[in-house]
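> Mind folding the following:
(one chain, ligands or ions: 1)
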Amino acid sequence: MDQNKKLTVGIIQSKVTQNKQENIETMKKTMGEFIEKYPKTELLVLGECWGTPYNTKKFKQYSENIEKQKSPSVKMLSEFAKNHEIYIIGGTIIEKVKEENETKLYNTCCVFDSKGELIGKYRKIHLFNIDIPNKITFKESETLSAGKKTFAFSMKNGNFKIGIGICFDMRFPELTALYSHIHNINLMVYPGAFNMTTGVHWGLYGKVRALDTQSYVILASPARDENSPDYVAWGHSSIFDPFASIVSELDHNPGFISYTLDLDVILQTRQQIPVLKGKRFDFYDVSELKKD
Ligand SMILES: NC(=O)CCC(=O)C(=O)O
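Coordinates of the predicted model:
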């Protein structure tokens, strides 16, 4: 069997507390337990803001300078990736950057290779701004800046091409379409944290993005904490196959899952229902979409 046609992935769904150091320790310990149970793991995925309370007023206080590999979350993830020779899609960290004499904050996903190198990062492009009266009002744009670039990388001799989006990004099919058509992805990964009002959409988006791209989709969330003073995450980290079936799913409690992705399943789905080959780029005029 060609091992490059398989990719064994895991998701860690952990509880977020107000204590960043404690969150980092919990994550490291849980990743250790995971690797002990699933030693063949090649890629680990964490949830959005796994070390930071999800609250715009607290983002600055918990932010990190990612470029300095000494920042606590980056250091832990990089060392873990190196020690266990695995790739890590490090959920998200609130990134602090000096740009033109101004400090900006981004909701950023860092990716580490099996040598512990930070091979790239993706900054959330669509900031989560919603207002549902008597339910939830949240405005990431109060404190965060929006990213401007996609980020994709490959594993297993280029057989798996992996694109990154962050949570609210999954609501925008145009972004996934860019990943599909420009980066040729066959695995889309979204660290995210839906909430108790919009959580009903979470699994639907996993399915829809898998259908759009005929790719595997991974949604990775922090665990739900009903007593959180900040934001109650939905949980339900899940993996979808290119036919849009859920192949592995957690409930809302802390935990982890492992699953092996199969390149043949991707190729078979794309051959049987040739949606990607059938695209009519000669016909679509994307500039029309910009008109009000
Ligand atoms: N962290 C987020 O971007 C939350 C997105 C969300 O809950 C949604 O409904 O979309």
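> Pretty sure residue 152 sits against residue 158.
No. Residue 152 lies out of contact with residue 158 (CB atoms under 8 Å); the separation is 11.5 Å. (C-beta placed from N, C-alpha, C; glycine too.)
> Looking at these two, which one has more neighbours?
Set residue 152 next to residue 158 and count neighbours by other CB atoms under 10 Å: residue 152 wins out with 20 against 9.
> Need the nearest residue in space to the more buried one, chain neighbours excluded.
residue 183 (3.8 Å; CB to CB, 6 or more residues apart in numbering).
> Pretty sure that neighbour sits against residue 163.
Yes. With contacts defined as CB under 8 Å, residue 183 counts as touching residue 163 at a distance of 5.6 Å.
> what residues are shared contacts of those two?
Common contacts of residue 183 and residue 163 (CB atoms under 8 Å, 6 or more residues apart in numbering): 150, 152.
> Now the helix or strand harbouring residue 270: average pLDDT?
In this assignment (DSSP states H and E), residue 270 forms part of helix 263-272. Averaging pLDDT along helix 263-272 gives 98.
> What residues does the stretch 101-250 of the chain have near the ligand?
Residues of the stretch 101-250 of the chain lying close to the ligand (CB under 6 Å from any ligand atom) are 128, 167-168, 171, 192-195, 198, 201.
> Among the residues you listed, name the buried ones.
Among those, the ones that count as buried by 16 or more other CB atoms under 10 Å are 128, 167-168, 171, 192-195, 198.
> Pull the number of nearby residues for the residue nearest to residue 226 when sequence neighbours are not counted.
Leaving aside its chain neighbours, residue 226 sits nearest to residue 232 (6.0 Å; criterion: CB to CB, 6+ apart). Neighbour count of residue 232, defined by other CB under 10 Å: 19.
> What does the pLDDT read for residue 232?
Per the predicted model, pLDDT is 97 at residue 232.
> Assess the claim that it and residue 223 are in contact.
No. Look at residue 232 against residue 223 with CB under 8 Å: they stay out of range, at 10.4 Å.
> quick one: residue 57 from the ligand, how far?
Residue 57 sits 15 Å away from the ligand, going by CB to the nearest ligand atom, to the nearest Å.
> what about that residue, neighbour count?
Residues near residue 57, counting by other CB under 10 Å, number 10.
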